[in-house]
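Novice: what's the 3D shape of this:
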Amino acid sequence: IVTKPSETIHIKADVNHLFRVFDNILGNVVKYAQPDTRVYIDLIKNAGKVTIAFKNISKEKLNITGEELMERFVRGDRARNTEGSGLGLSIAKSLTSLMGGELEIMVDGDLFKVEVRFEENK
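Specialist: Numbering: from 1, shown residues only. Alright, predicted model coming up:
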């Protein structure tokens, strides 16, 4: 479910890097979301900042903090045996920083939320 303002919003970012950031976040969502649940994507403009927020319910309780999830080679459930290198969220954070933005992951039980923030480019 996508929510966004009716007005067009601009940020300054590298399209290839931004695609990779969103691809890594959404790949994580697809791989670990509770089956048959919704994913929420919100585009929010507030006080010169633009936030793209992704929220979903994980199929497993996340027994790890958001900061730990962004460490290289770390996964939310250490017992997982699915494919993947554990690099996706770390790469997403690095690319976001490279473009002058911020990436934050929040975990609350089985709620997984990622916020990607940039300055608005008017």
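Novice: only C-alpha atoms from now on, for both contacts and neighbour counts.
Specialist: Will do.
Novice: run the chain-centre distance for the helix or strand of the chain with the lowest mean pLDDT.
Specialist: Lowest on mean pLDDT, DSSP states H and E among the helices and strands of the chain sits helix 66-69, with a mean of 73. For helix 66-69, the distance from its own C-alpha centre to the chain's C-alpha centre is 12 Å (CA atoms, centre = their mean, to the nearest Å).
Novice: just for this structure, where's the confidence low?
Specialist: Low-confidence segments of the chain (pLDDT under 70): 70-86.
Novice: now do the SS call for Lys55.
Specialist: strand (DSSP: H, G, I helix; E, B strand; the rest coil).
Novice: ok, it touching Ile41?
Specialist: Yes. With contact defined as CA atoms under 8 Å, Lys55 counts as touching Ile41 (6.6 Å).
Novice: so which of the two has more stuff around it?
Specialist: Shown here are Lys55 and Ile41; by other CA atoms under 10 Å, Lys55 has more neighbours (21 against 18).
Novice: which other residues reach the lengthiest helix in the chain?
Specialist: Ordering each helix of the chain by length in residues (DSSP state H) puts helix 15-32 first. By CA atoms under 8 Å, 6 or more residues apart in numbering, the surrounding residues in contact with helix 15-32 are 39, 56, 58-60, 88-89, 91-93, 95-96, 114.
Novice: reformat these as JSON lines; add neighbour count.
Specialist: Conversion of the contacts of helix 15-32 to JSON lines gives the following (neighbours: other CA atoms under 10 Å):
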{"residue": "Val39", "neighbour count": "19"}
{"residue": "Asn56", "neighbour count": "20"}
{"residue": "Ser58", "neighbour count": "22"}
{"residue": "Lys59", "neighbour count": "14"}
{"residue": "Glu60", "neighbour count": "15"}
{"residue": "Gly88", "neighbour count": "25"}
{"residue": "Leu89", "neighbour count": "26"}
{"residue": "Ile91", "neighbour count": "19"}
{"residue": "Ala92", "neighbour count": "24"}
{"residue": "Lys93", "neighbour count": "21"}
{"residue": "Leu95", "neighbour count": "21"}
{"residue": "Thr96", "neighbour count": "22"}
{"residue": "Val114", "neighbour count": "20"}
